[in-house]
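J.: Next one to model:
(one chain, ligands or ions: 1)
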Amino acid sequence: MTKIRVYEYAKKMNMSSKEILTILGRLDVPVANHMSVMDDDMIRKVESFFADVKKRAAERRAQEAEKEMRERQHKRREEQPEAEVAKAEVRPERTADANRTPGSRRDGDGAGREDARNRGRRDDRREDSRAEQRSDNRNGQRDERAGFRNDNRDNRNRQQGGNFGHRGPRQADGTSGNRPGMNGQNSRDGRNYGSRDGNRDGGRFGQSQGQGGFGNRGGRDNGRFGGGQGRPAGGQGGRFGGQGGGRPGGGRPAAAAIAPAQTKPTAPGSLRKDKDKKDRQGFARHEEFNETKLQRSKRRANGKGQAKPLPTEVTVEGAMSVGDFAKLLQREPAELIKRLLLLGVMATINQEIDTDTMELIASDFGVTLHVVEPVDEEALDMLVEEDDPASLVPRPPVVTIMGHVDHGKTTLLDAIRESKVTATESGGITQHIGAYQVEIADRQITFLDTPGHEAFTTMRARGAQVTDITILVVAADDGVMPQTVEAINHAKAANVPIVVAVNKIDKPDANPDRVKQELTQYGLVPEEWGGDTIFAPISALKRQGLEELLEMVLLVADVQELKANPEGRPRGTVIEAKLDRGRGPVATVLVQNGTLKVGDIVVAGTTYGRVRAMVNDTGRRLKTAGPSTPVEIQGLNGVPSAGDQFVVYDDERGARNLVEKRMSREKQEQMQNTARVTLDDLYRQIQEGNVAELNVIVKADVQGSVEALVQSIEKIDVSGVRVRVIHKGAGGITESDVALASASNAIIIGFHVRPDANTKRIAEQEKVDIRLYRVIYDVMSELESAMKGMLAPEYREVVLGHAEVRETFNISKVGTVAGCYVTDGKMTRDAEARLVRDGIVVYEGKLDSLKRFKDDVREVATGFECGITLEKFNDIKVGDVIEAFTMEAVKRA
Ligand SMILES: Nc1nc2c(ncn2[C@@H]2O[C@H](COP(=O)(O)OP(=O)(O)OP(=O)(O)O)[C@@H](O)[C@H]2O)c(=O)[nH]1
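T.: The predicted model follows:
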């Protein structure tokens, strides 16, 4: 059974995770986020969706092609009777000419004409060439030979002549009623008149050519030769005919052509028709002109006077600009832009088009488009996807430790490290590289050294998944605390199994059963109570129960069947990186597949380089590092970011190219606004099919409010979208909330709580929507309205600034005066204000007075001190933050 994460699959398909998530959403396949695992069934569903899309596109193309063909036929049919009319109109005039060439008229034969027309339509080209041949010779057989000679001598002339004479036959037939049989074919080309007449009377050759040229709708169709109006076309037709047939004397036919052309306007009732005809001629001429221009430019480019065949197959790596794609197809960009317009896409020459659009255009031109994955995706995917199951061997689990503050994470990490690492690596000097390995019962476990969830969320936000198992540390004397819950939610969101380490059991007030009891509320039920979560009682301080804990970790690892191919292409994730003064950029990487060797060329994020040296956590220099081994590498040309994936490249040039490509892509992405869910555009995104499930993080001042909010939010019932609370908690909005929201594309709802300045900044950077409320009803109505597309907040709060309370003074009759320092923005006298204590809003009202020294002032800017009193509120404490804000009318987009 194939298991692939959404983002990996997206990469494989050269799409974004969001697109895959959207498709899965549309297919009603439940999926949490880009880290979710896709099974065979899901992949099958997505693939059949793609197949459907392709099928529909092909059907549409077929319909369009059919429509185009019908239109063309219709146009042709329209032109044909007119051609007949025009012939009839010019016949008297041409008769005058014909009088001078009696032979041609005398030989007129209706059946022959019909025959000629039919055959001519069947194969113009063949007839053109035959016509040329015959123009030189009396004898048909000999003509052909001569014609071939001509062909060989001058391909160009042949082509021009051929093109030119293209439509000649109809006039030829209609007007002169030329000789059947042989002329039936010859008459396809205006020049045939010349040849025919030449057969009878060499002196009339020129005139006849002129007729042929004139009679010519070919002039219209082949308007690129300057024709299109019959007359000049006739002239040129004669000339080209002369060339093609190897006969000079174009001048005369041109003159002869003028006469009939002049007669045209005099034909009764022909004026309007002439105009229509001209319009159509103009259009056809334009089309032909483009085609010729293209052919010519190709001939020029070719330099051999022969058009290089247009490509029938092209290969692309991904989206490219219209101009570049036109170059690839060897077509004019204007042609592509026109086709795009027909597809309903307005594009400029520099605009990028995706591979689907390219495929449609290519098929329009009869070109097969091959889309190959860009090198980097290919390289990264190859590691995940293409390892032969037989080559996979078990690998050590990678473990992260999480838990509430002071519950003993660091002590546990140190305890494991000291008891296991230094003991096994004789003489090794433990050094901090961000991760380490311990050995237990001849098996290895890799620990990520960063306690807490920072690394976890940063990596998840970057689409990297390094953790296989999480140890949740809960102090037995303290029980489940807010960060414990947060850790559970992080692990759950990333689908990482949890092993609970009930710590501090050495303490007299330790109550492990209470911890178990509390954790059941979060779905962590101990095995002895019928659940499937492993609980290990430990004392990190006293080094008790560590061995058992590690054995449990191995047990969970066994269930997970963690495997990798040590022979595969080395790839992995950057755990942390820094710039070392002496050694340059150093990065701790976790090898996740293959075996990394000294000398390998590595690409990590937007950096690359040859691995100069590798050191493990005990300070030992390594030559190779297999799966799940954390090593510090030197040799990169820059400092990559934690969470960047690395891959080994075969050659340096490829690595450099990839990095350059990534850098420019990164730049482009920075320029585009990252699309995140915000309440304001929620409805639009629902309509576009981007959101089927709205992830929400709920933070409130007290637990009671949290529960009340969550219950109400979960009850919101709007068809097409479901609200899912992925994390909730009492307390201020923290950076960790923002990180989780960013990784899970969630919005944060704050009730009587505020984010601190740093959190706010990060939220802005990450484009995480934080919504702050004071009334539960507002939360409900705004969420519901947003989901129904009716969100219309007319007023939006605009924060003016923050002031920190540094001193308080109690003044009788006035109350508590807060001696403040404006840390950012400004305080204004008429602003509304809220008092925030440890992230919780304790007061909301108005500023009562704002003073600088003893004077009332209208506003105080950043960096200045001031005295503030709040309306009807005196419980101000040092360390509180006063936030000044106003309500502004906001126009909704
Ligand atoms: N009695 C007892 N004390 C412990 C035990 N484990 C940790 N402690 C103590 O608990 C306190 C906090 O431990 P840390 O390891 O710093 O906790 P932490 O979770 O890493 O804390 P932060 O890094 O602040 O998140 C320290 O004083 C430890 O000595 C234990 O098993 N028994």
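J.: Which residue, other than its chain neighbours, is closest to the residue in the stretch 751-893 of the chain that the ligand sits nearest to?
T.: Going by Cβ to the nearest ligand atom, the ligand is nearest to residue 838 of the stretch 751-893 of the chain, at 16.6 Å. In this view, the C-beta of every residue, glycine as well, is placed from N, C-alpha and C. Nearest residue to residue 838 in three dimensions, chain neighbours excluded: residue 732, at 6.4 Å (Cβ to Cβ, 6 or more residues apart in numbering).
J.: Going by secondary structure, residue 643 is in what exactly?
T.: Assigned by DSSP states H and E, residue 643 belongs to no helix or strand.
J.: Wait, residue 849 touches residue 857, no?
T.: No: using Cβ atoms under 8 Å as the test, residue 849 is too far from residue 857 to be in contact (9.7 Å).
J.: Okay, residue 868 and residue 625: tell me how far apart.
T.: Going from residue 868 to residue 625 by Cβ to Cβ, to the nearest Å gives 59 Å.
J.: now residue 596
T.: When distance is defined by Cβ to Cβ, residue 596 is 5 Å away from residue 625.
J.: what is in contact with these two at once?
T.: Jointly contacting residue 596 and residue 625 under the rule Cβ atoms under 8 Å, 6 or more residues apart in numbering are 614, 631.
J.: Could you tell me how many residues sit around the residue lying closest to residue 713 once chain neighbours are set aside?
T.: Once flanking residues are discounted, residue 713 sits nearest to residue 723: 5.4 Å by Cβ to Cβ, 6+ apart. Counted with other Cβ atoms under 10 Å, the neighbours of residue 723 add up to 20.
J.: Pairing partners for residue 723 in the sheet, please.
T.: residue 694 (DSSP bridges).
J.: Tell me which residues touch it, please.
T.: Taking Cβ under 8 Å, 6+ apart as the test, what residue 723 contacts is 693-694, 696, 713-714, 716, 783, 787.
J.: if we go to 6 Å?
T.: 694, 696, 713, 716 (Cβ atoms under 6 Å, 6 or more residues apart in numbering).
J.: Would you format the residues you listed as a markdown table with distance to residue 479, secondary structure and pLDDT included?
T.: Shown next, in a markdown table, are the contacts of residue 723 (distance: Cβ to Cβ, whole Å; DSSP: H, G, I helix; E, B strand; the rest coil; pLDDT from 0 to 100):
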| residue | distance to residue 479 | secondary structure | pLDDT |
| --- | --- | --- | --- |
| 694 | 31 | strand | 79 |
| 696 | 26 | strand | 88 |
| 713 | 26 | helix | 84 |
| 716 | 32 | coil | 79 |
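J.: quick one: the residue nearest to residue 838 and residue 753 touch, right?
T.: Yes: in this structure, residue 732 is within contact of residue 753 by Cβ atoms under 6 Å, at 5.0 Å.
J.: Which neighbours do these two have in common?
T.: By Cβ under 6 Å, 6+ apart, the residues touching both residue 732 and residue 753 are residue 839.
J.: buried ones in stretch 61-68?
T.: Residues of stretch 61-68 include none that count as buried (16 or more other Cβ atoms under 10 Å).
J.: which residues does residue 649 bridge with?
T.: Under DSSP bridges, the beta-bridge partners of residue 649 are residue 601.
J.: one step back: for the contacts of residue 723, which one is nearest residue 415?
T.: Proximity of the contacts of residue 723 to residue 415, judged by Cβ to Cβ, is greatest for residue 696, which lies at 37.8 Å.
J.: How is residue 55 classified with respect to secondary structure?
T.: Put simply, residue 55 is helix when judged by DSSP: H, G, I helix; E, B strand; the rest coil.
J.: For it, give its distance to residue 49.
T.: Residue 55 is 11 Å from residue 49, by Cβ to Cβ.
J.: between the contacts of residue 723, which has the most around it?
T.: Neighbour max across these (other Cβ under 10 Å) = residue 696, 26 neighbours.
J.: residues in contact with the nearest residue to it once chain neighbours are set aside?
T.: Leaving aside its chain neighbours, residue 696 sits nearest to residue 725 (5.2 Å; criterion: Cβ to Cβ, 6+ apart). Listed by Cβ under 6 Å, 6+ apart, the contact set of residue 725 reads 696, 698, 710.
J.: Which of the residues you listed sits closest to the ligand?
T.: residue 698 (23.5 Å).
J.: Can you check the pLDDT for that closest one?
T.: Listed pLDDT for residue 698 reads 91.
J.: got it, and the one 3 residues further on?
T.: Predicted confidence (pLDDT) at residue 701: the value is 81.
J.: Grab the nearest non-local neighbour of it.
T.: Nearest to residue 701 is residue 752, by Cβ to Cβ, 6+ apart, at 3.9 Å.
J.: For burial, what's the neighbour tally of residue 527?
T.: 10.
J.: Name the nearest residue to it, sequence neighbours excluded.
T.: residue 534 (6.5 Å).
J.: for the particular helix or strand that has that neighbour in it, packing partners?
T.: Assigned by DSSP H and E, residue 534 belongs to strand 534-537. Packing partners of strand 534-537 (3 or more Cβ pairs under 6 Å, 6 or more residues apart in numbering; DSSP states H and E): strand 498-503, helix 546-560.
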